[in-house]
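In: Test case, fold it:
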Amino acid sequence: MNVWPDDLFQFAFINNTDQRIADLAALAEEEEWDYLDSQANRPNPVLFNYLRYTYARLAEEGKIELSEDGQNITFNTGLVTPAQEPIFAFFSRNNIADNQPWFLQRWVRKGEADLVRFPSLPDMAHYFDDPSSLVFDCKKELRANIEHIIADNKARFPAPYDMMDDYALQTFLKGSIDNAKERVRRNYKTAIPQYYRGRIQLLLPLCIGSPQRADLALVAEDHGVFYRASTCLTLDMAYNNARQLARPDRDWLAP
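Out: Residues are numbered from 1 along each chain as shown. All right, here's what the predicted structure looks like:
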């Protein structure tokens with residue numbers, strides 16, 4: 001069994017990376033791949049990160065397929081064309097010494113001729129075995145370490161809350177968490193799953209300034225009989241993480 005490096009860019013050389021990512025975005029069904037608020041150092045940052053972490057999971061699962069002649073490799077990107085045809089990454093051996101062992105040829109649709117050299121095509125990345133982990137169980141207690149959330153993440157709070165006295169901010173945050181719990185009780189889709197360090201976590205909206213717009217995402221981790229929340233994410237960070245599993249519902253989390 002092959003053991004693949006967990007870093008896509010150690011595994012393969014991808015020339016003109018930004019253009020290659022743009023090519024993938026153009027081939028796939030239309031989706032917003034930019035951040036809403038954060039400044040990114042490259043175009044399509046959500047797709048760039050999605051591809052990196054998808055590859056890492058596929059390498060962990062061994063879902064990278066070698067061609068019969070050993071000259072090509074492919075993996076399932078988990079994306080589809082507008083016609084719902086799966087998209088694969090297609091690589092060839094890199095003969096340049098002291099370089100990555102593979103290089104990206106192109107993105108290919110499942111029905112294209114390049115893939116006939118593979119006796120079987122690899123499946124998508126898999127992240128969970130228990131579907132119930134994707135749904136917030138309102139019967140469980142949510143224990144939020146509010147002081148820790150503020151102490152470690154105050155820079156993530158939008159203005160003017162990032163400059164607020166910690167005690168006053170705790171009051172705002174407690175109310176926002178209570179509102180989030182009520183919101184997920186009314187609509188289970190409010191809790192959006194993300195995959196982090198081998199576990200499914202759930203993201204809840206923290207609407208501090210207005211009930212119509214989330215300011216942050218609270219991260220809730222299942223501890224069996226209760227959930228624990230000890231951190232929060234900016235909306236761009238949350239969307240980036242949640243997109244790994246699926247395109248999030250746009251009820252409150254959007255790029």
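In: elements contacting the helix ranked longest in the chain?
Out: Counting residues, the longest helix in the chain under DSSP state H turns out to be helix 166-186. Judged by 3 or more CB pairs under 8 Å, 6 or more residues apart in numbering; DSSP states H and E, helix 166-186 is in contact with strand 141-144, helix 146-153, strand 199-206. Quick note: C-beta positions are derived from backbone N, CA and C, even for glycine.
In: what about these, which gets the closest to Phe13?
Out: Between Phe13 and those, the tightest spacing by CB to CB is seen for strand 199-206, at 32.2 Å.
In: who does the helix or strand following the closest one pair up with?
Out: As assigned by DSSP states H and E, the chain's next helix or strand after strand 199-206 is strand 216-222. Strand 216-222 sits in its sheet next to strand 199-206 (antiparallel), strand 226-233 (antiparallel), going by DSSP bridges.
In: would you turn the ones you listed into a markdown table with distance to Asp162?
Out: Converted to a markdown table, those look like this (distance: least, CB to CB, whole Å):
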| stretch | distance to Asp162 |
| --- | --- |
| strand 199-206 | 13 |
| strand 226-233 | 12 |
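In: any chance of those in TSV, plus distance to Ala220, mean pLDDT and mean neighbour count?
Out: Formatted as TSV, these follow (distance: least, CB to CB, whole Å; pLDDT from 0 to 100; neighbours: other CB atoms under 10 Å):
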stretch	distance to Ala220	mean pLDDT	mean neighbour count
strand 199-206	5	97	23
strand 226-233	4	96	19
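In: and the longest helix of the chain, how far from the chain's centre?
Out: Computed by CA atoms, centre = their mean, to the nearest Å, the chain-centroid distance of helix 166-186 equals 25 Å.
In: helix or strand right after it?
Out: Helix 166-186 is succeeded, C-terminally, by strand 192-196 (DSSP H and E).
In: how is the chain carved up into domains?
Out: For the chain, the structural domains run 8-117, 131-242, going by automatic domain parsing.
In: Go through those domains and name the closest to Ala125.
Out: Closest approach to Ala125 among the domains of the chain (CB to CB): domain 8-117, 4.2 Å.
In: Please name the residues that touch Ala214.
Out: 205-207, 235, 252-253 (CB atoms under 8 Å, 6 or more residues apart in numbering).
In: repeat that for 6 Å
Out: 205, 207, 252 (CB atoms under 6 Å, 6 or more residues apart in numbering).
In: partner residues bridging the first one?
Out: In this case it means Pro205. Beta bridges link Pro205 to Ala217, judged by DSSP bridges.
In: quick one: it from Leu24, how far?
Out: To Leu24, Pro205 is 30 Å away according to CB to CB, to the nearest Å.
In: Leu79 contacts Phe88, correct?
Out: No. Leu79 is not in contact with Phe88 according to CB atoms under 6 Å; the separation is 9.5 Å.
In: any weak-confidence spans in the stretch 1-150 of the chain?
Out: Applying pLDDT under 70 to the stretch 1-150 of the chain flags the ranges 1.
In: Tell me where it has helices.
Out: Ranges of helices in the stretch 1-150 of the chain, per DSSP state H, counting those that start in this stretch, are 8-11, 17-27, 45-61, 146-153.
In: which of those helices is buried the deepest?
Out: helix 45-61 (a mean of 19; mean count of other CB atoms under 10 Å).
In: so that helix versus helix 17-27, what angle?
Out: Put simply, helix 45-61 runs at 90 degrees to helix 17-27, going by axes from the mean of the first three to the mean of the last three CA atoms, to 10 degrees.
In: send the alpha carbons of helix 45-61 over as PDB?
Out: In PDB, the C-alpha atoms belonging to helix 45-61 read as follows (Å, rounded to 0.1, in the frame of the first residue of the first chain):
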ATOM      1  CA  PRO A  45      -8.800  31.200  -1.000                       C
ATOM      2  CA  VAL A  46     -11.700  29.000   0.100                       C
ATOM      3  CA  LEU A  47     -11.100  26.600  -2.800                       C
ATOM      4  CA  PHE A  48      -7.400  26.700  -2.300                       C
ATOM      5  CA  ASN A  49      -7.800  25.500   1.300                       C
ATOM      6  CA  TYR A  50     -10.600  23.100   0.400                       C
ATOM      7  CA  LEU A  51      -8.200  21.400  -2.100                       C
ATOM      8  CA  ARG A  52      -5.300  21.200   0.400                       C
ATOM      9  CA  TYR A  53      -7.400  19.700   3.200                       C
ATOM     10  CA  THR A  54      -9.300  17.400   0.900                       C
ATOM     11  CA  TYR A  55      -6.100  16.000  -0.400                       C
ATOM     12  CA  ALA A  56      -4.700  15.500   3.200                       C
ATOM     13  CA  ARG A  57      -7.800  13.600   4.200                       C
ATOM     14  CA  LEU A  58      -7.600  11.400   1.000                       C
ATOM     15  CA  ALA A  59      -4.000  10.700   1.700                       C
ATOM     16  CA  GLU A  60      -4.900   9.700   5.200                       C
ATOM     17  CA  GLU A  61      -7.600   7.300   3.900                       C
END
